[in-house]
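Chemist: A structural model of the following input is requested.
(one chain, ligands or ions: 2)
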Amino acid sequence: MPLRIKPKQTGKILIRNIRQLVQVRPEPVGLLRGFAMNDLPVLENAYLLIENGRIADFGRMEEMPVIHADETVDAAGRLVMPAWVDSHTHTVFAASRYGEFMDKIKGLSYAEIAAKGGGILNSAKQLEAVPEDELLDRALQRVLRMMQYGTGALEIKSGYGLSVNGELKMLRVIGRLKTLLPIPVKATFLGAHAIPEGMSKEDYMKVVLDEMLPEIASQNLADYVDIFCEKGYFNVTDLELLAEKAGKYGLKLKAHVNQFTSLGGVATAVKHEALSVDHLEVMTETDFEALERSETIATVLPGCSFFLKIPYAPAKRIIERNIPLALATDFNPGSAPSWNMNFMVSLACIKQGLTPEQAINAATVNAAAAMELSHEAGQIVRGMPARVFMTIPLNHYGEIPYYFATRPVDRIFY
Ligand code: NIG
Ligand code: FE
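Modeler: Ligands and ions are numbered 1, 2, ... in the order given. Reported below is the predicted structural model:
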């Protein structure tokens with residue numbers, strides 16, 4: 001696949017006869033919560049003008065002025081939407097874990113596979129053997145594929161290094177992706193993802209806090225920090241220590257919490273003003289209460305529930321409790337090997353009971369907020385970068401989740 005190196009998209013591109021121009025806003029909106037999630041603003045029979053990679057204008061066809069464009073696209077029967085924002089991925093990894101997939105089919109659980117030397121430690125072993133340039137190439141090919149599926153901004157975590165060199169290598173790869181790709185990428189340091197073999201958790205946490213974090217901060221390699229708060233991995237005290245130290249370096253917190261167990265990580269993450277808490281398949285009343293009084297975004301990852309056959313996060317209740325909800329893939333080789341945001345929107349509707357309006361808002365506006373990109377991605381606003389895609393012929397945006405597990409994207413404009 002040819003590499004698309006930025007910058008790109010110069011000149012004027014006019015898209016006309018758009019059946020529905022979806023997620024158009026007069027001004028950029030930040031977090032959506034509660035009833036605001038139900039409202040997906042749409043212009044019917046519209047045009048969109050992109051100029052030098054920015055949204056220059058849009059409106060209804062009847063009102064379109066005379067425009068001399070370098071390229072005119074007739075969208076007849078198609079929709080145009082902001083590209084998806086995938087705010088939680090583990091896109092940098094060495095290889096698939098297909099063997100574990102087979103074990104899982106035979107009935108082994110995530111925990112049993114981990115105990116057999118599979119899981120995150122398996123990815124760490126694979127990653128160690130792959131040179132940095134090769135790792136970059138593999139990740140780049142994946143992101144280009146994600147873009148073809150409509151993703152126009154993404155977050156990528158480290159966490160398969162589990163050593164100072166390994167974590168730095170992963171974060172450098174993410175940094176190089178930032179410079180190569182025409183879409184925004186955010187880097188999250190997830191050193192506290194699993195405990196490496198032959199080390200106690202306490203000793204490893206010391207490495208994370210006293211060796212990795214200062215070095216990563218001094219090289220400016222991360223936008224956020226993250227931790228896997230779960231039985232057998234890291235606990236609430238570890239989360240607290242990481243949040244405190246990261247705060248000193250000006251790094252905000254994201255956290256993997258409540259995937260299998262509610263350990264109290266939600267409230268602790270909220271106390272430390274986490275940007276988002278992610279997973280949330282298991283939620284207690286205390287967890288809901290902590291979130292409803294906060295600005296922390298609840299990010300749900302239905303692809304992981306689908307693949308691991310674990311419960312889906314209570315996304316509908318999260319919205320009803322007035323908590324801002326975002327939707328992401330969690331794309332990774334162990335628990336969620338799909339990069340298809342269209343499918344995540346389907347799962348959110350089919351398995352989690354969201355309306356298409358709620359699911360699309362969660363995968364665009366709120367996901368952008370979960371990466372602090374509200375002014376750059378996830379909505380169609382005059383002056384904002386034009387990261388949009390045109391769909392295949394569709395009657396209504398509700399057909400995006402309806403045609404589940406498909407690729408309703410016809411052309412991307414990034
Ligand atoms: O978000 N839960 C922890 N981390 C990843 C899985 C990583 C893996 O299995 O490789 C997740 O699901
Ligand atoms: Fe994850």
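Chemist: OK, contacts around residue 336?
Modeler: Counting by Cβ atoms under 8 Å, 6 or more residues apart in numbering, residue 336 makes contact with 301, 303, 304, 306, 307, 308, 329, 330. Placement of C-beta: from N, CA and C, glycine included.
Chemist: ok, what's across the strand from it?
Modeler: Beta-bridge pairing of residue 336 under DSSP bridges involves residue 332.
Chemist: State the distance from it to ligand 1.
Modeler: Separation of residue 336 from ligand 1 (Cβ to the nearest ligand atom, to the nearest Å) stands at 6 Å.
Chemist: Same check on residue 82?
Modeler: 25 Å.
Chemist: Mind listing the residues bridging to that residue?
Modeler: Bridge pairing for residue 82 - DSSP bridges - gives residue 388.
Chemist: contacting residues for it?
Modeler: Listed by Cβ under 8 Å, 6+ apart, the contact set of residue 82 reads 22, 23, 152, 364, 377, 378, 379, 380, 387, 388.
Chemist: what's the last one in contact with, if anything?
Modeler: The contact partners of residue 388, taken as Cβ under 8 Å, 6+ apart, are 48, 50, 80, 81, 82, 83, 152, 380, 412, 413.
Chemist: same deal with the second one?
Modeler: Residue 23 sits next to 40, 41, 42, 81, 82, 360, 361, 364, 365, 378, 379, 380 when contact means Cβ under 8 Å, 6+ apart.
Chemist: Tell me where the stretch 201-350 of the chain has strands.
Modeler: Ranges of strands within the stretch 201-350 of the chain are 224-229, 252-257, 276-279, 297-300, 325-327, based on DSSP state E, counting those that start in this stretch.
Chemist: closest one to residue 290 among the ones you listed?
Modeler: Among those, strand 276-279 comes nearest to residue 290, with 9.0 Å by Cβ to Cβ.
Chemist: For the closest one, which strands pair with it and how are they oriented?
Modeler: Sheet pairing for strand 276-279, assigned by DSSP bridges, gives strand 252-257 (parallel), strand 297-300 (parallel).
Chemist: which of those strands is buried the deepest?
Modeler: Mean neighbour count (mean count of other Cβ atoms under 10 Å) peaks for strand 297-300 among the strands paired with strand 276-279, with a mean of 29.
Chemist: could you check whether that one is close to ligand 1?
Modeler: No: in terms of Cβ under 6 Å from any ligand atom, no part of strand 297-300 sits within range of ligand 1; the closest distance is 10.4 Å.
Chemist: burial count for the residue nearest to residue 340 when sequence neighbours are not counted?
Modeler: Among residues not flanking residue 340 along the chain, residue 149 sits closest, at 5.3 Å (Cβ to Cβ, 6 or more residues apart in numbering). Residue 149: 22 surrounding residues under other Cβ atoms under 10 Å.
Chemist: separation between residue 149 and ligand 1?
Modeler: Taking Cβ to the nearest ligand atom, one finds residue 149 at 19 Å from ligand 1.
Chemist: what do you get for residue 40?
Modeler: Distance from residue 40 to ligand 1, by Cβ to the nearest ligand atom: 28 Å.
Chemist: quick one: that residue is in a strand?
Modeler: No: assessed with DSSP: H, G, I helix; E, B strand; the rest coil, residue 40 is coil; it does not lie in a strand.
Chemist: what about the closest residue in space to it that isn't next to it in sequence, neighbour count?
Modeler: Spatial nearest neighbour of residue 40, excluding adjacent residues (Cβ to Cβ, 6+ apart): residue 357 at 4.0 Å. Residue 357 has 19 neighbours, counted by other Cβ under 10 Å.
Chemist: and residue 357, what element?
Modeler: Here residue 357 sits within helix 356-363, counting by DSSP states H and E.
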